[in-house]
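Colleague: Using only what follows, build the 3D model:
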Amino acid sequence: MIAAIEIKNLEKRYRNLVAVDHINLTIARGEIFGLLGPNGAGKTTLLMMLSTLLQPSAGYATINGFDTSTQADKVRQSIGMVFQDPSSDELLSGYENLKLHALLYNIPIKSINKRIDEVLMLVDLEKRKHDKVKTYSGGMRRRMEIARGLLHQPEVLFLDEPTLGLDPQTREHIWQYIQSLTRKTGMTVVLTTHYMEEAERLCSRVAIIDHGKIVANDTTENLRQTIAGDLISLKGTHIPLDNLRRLPFVKKIEVLDGRVEITIDNAAKNLYLLLTVAGEIDFIEVRAPDLNDVFLSYTGKEIRESEGGTLEHIRSLTKAKQK
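Modeller: The predicted model follows:
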């Protein structure tokens, strides 16, 4: 495996707060890699260190062979970054935003217009290139941000919640763009997401981060297989949990948001007996484990949409540093 990103014992500490706790990780070239975690788990802090916006307290990381601390300029030339917070100038057109970015990245003047047309075509915005960004829909703005991140042809693209808040149809289009990118360019993509379907659809591997540590790192299929058995979700009054726990085929019981979540062996064989013990219930669902169940198993929480973007994250870290 040829590594696009190497992370060794990476740590970020703010006095008594450890945001990232000695993370080790290798991401291959051409891989779409997902980072999952509850709010405050350390995902955005990790991305900010990898993109040279934060200096680590310990350890190191390399991107495209360049050290993020000592070769920051080389790293920045090697990466594209799309934060969840919109950062395009609404009063400028798509073309003007991209041209400004091209000048900042020292793309040769003779190549700028051609490169802008290429990325706009890639994200299906070439017909709106001269329209002001404030006239774009939410999905078009996200595609514009992705186009900007691709303009200087980076080796690695970081996507922080790329489809947060978008409608299902637009989200599907963004997924298609990301998959097309990696096929056409061999680019490495690292994304954070709160959508399990997004991680399962796009990522060859995912890492689950909790309390600044990687608690799981594998393919989505292998992670699902860590939960052996079938999942039963029940709702009702006075469900006898102690009696259910005594059943030999019951492996785990959790109460979550008014539901009783039960993991059992062989639902086809044992469901009837479980229901006879459970008594009167109002709702039942039987399913195979998915990535959300894996996340819950490792973190004890259900994943939620982010409560704040990167800018809010920077503000919170700044406050922590000042304490």
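
Colleague: What is the burial count for residue 135?
Modeller: 11 (other CB atoms under 10 Å). Using the backbone N, CA and C atoms, a C-beta is placed for each residue, glycine as well.

Colleague: so how far is residue 126 from it?
Modeller: 15 Å (CB to CB, to the nearest Å).

Colleague: Likewise for residue 54?
Modeller: Going from residue 54 to residue 126 by CB to CB gives 36 Å.

Colleague: Looking at the two, which has the bigger crowd around it?
Modeller: residue 54 (19 against 15).

Colleague: ranges for the helices of the stretch 101-250 of the chain?
Modeller: Assigned by DSSP state H, counting those that start in this stretch, the helices in the stretch 101-250 of the chain fall at 109-122, 138-150, 168-185, 196-202, 220-224, 241-245.

Colleague: can you redo those as TSV with distance to residue 88, mean neighbour count and mean pLDDT?
Modeller: Shown next, in TSV, are the helices of the stretch 101-250 of the chain (distance: least, CB to CB, whole Å; neighbours: other CB atoms under 10 Å; pLDDT from 0 to 100):
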stretch	distance to residue 88	mean neighbour count	mean pLDDT
helix 109-122	13	15	91
helix 138-150	6	22	87
helix 168-185	16	15	85
helix 196-202	22	20	90
helix 220-224	32	17	89
helix 241-245	52	13	93
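
Colleague: Make TSV from those helices and add distance to residue 59 to it.
Modeller: Formatted as TSV, those follow (distance: least, CB to CB, whole Å):
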stretch	distance to residue 59
helix 109-122	34
helix 138-150	26
helix 168-185	28
helix 196-202	25
helix 220-224	25
helix 241-245	43
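
Colleague: which stretch among those comes nearest residue 48?
Modeller: helix 138-150 (15.3 Å; CB to CB).

Colleague: Can you list the helices and strands that that closest one packs against?
Modeller: Where contact means 3 or more CB pairs under 8 Å, 6 or more residues apart in numbering; DSSP states H and E, helix 138-150 is packed against strand 79-82, helix 94-104, helix 109-122, strand 156-160, helix 168-185.

Colleague: right, so of these, which gets closest to residue 262?
Modeller: Nearest of the helices and strands packed on helix 138-150 (CB to CB): helix 168-185, 29.9 Å.

Colleague: which residues are in contact with that closest one?
Modeller: The contact list for helix 168-185, computed with CB atoms under 8 Å, 6 or more residues apart in numbering, reads 30, 32, 122-124, 137-139, 142-143, 146, 150, 153, 157, 159, 162-163, 166, 187-189, 191, 195, 198, 201-202.

Colleague: Stretch 150-158 too?
Modeller: Counting by CB under 8 Å, 6+ apart, 4-5, 29, 47, 50-51, 63-64, 77-82, 98, 101-102, 105, 107, 115-116, 119, 122, 146, 149, 181, 185, 187-191 sit against stretch 150-158.

Colleague: if we go to 6 Å?
Modeller: Residues outside stretch 150-158 that contact it (CB atoms under 6 Å, 6 or more residues apart in numbering) are 4, 47, 63-64, 78-81, 98, 101-102, 105, 119, 149, 187-190.

Colleague: Over to stretch 35-43?
Modeller: 19-20, 192, 206-210, 212, 299, 301, 307.

Colleague: quick one: buried residues of stretch 80-96?
Modeller: If you call a residue buried by 16 or more other CB atoms under 10 Å, then stretch 80-96 has these buried ones: 80-84, 88, 93-96.

Colleague: Give me the distance between the two termini of that stretch.
Modeller: 18 Å (CA to CA, to the nearest Å).

Colleague: Figure out how far it is from the centre of its chain.
Modeller: 20 Å (CA atoms, centre = their mean, to the nearest Å).

Colleague: so what's residue 107 up against?
Modeller: Residues near residue 107 by CB under 6 Å, 6+ apart: none.

Colleague: er, residue 192 actually
Modeller: 35, 43, 160-161.

Colleague: What ranges in this structure fall below the confidence cut-off?
Modeller: Across the chain, the ranges flagged by pLDDT under 70 are 1, 302-323.

Colleague: can you give me the strands for it?
Modeller: For the chain, strands defined by DSSP state E occupy the ranges 3-14, 17-28, 32-36, 58-63, 66-67, 79-82, 156-160, 188-192, 205-210, 213-218, 230-235, 250-256, 259-264, 283-287.
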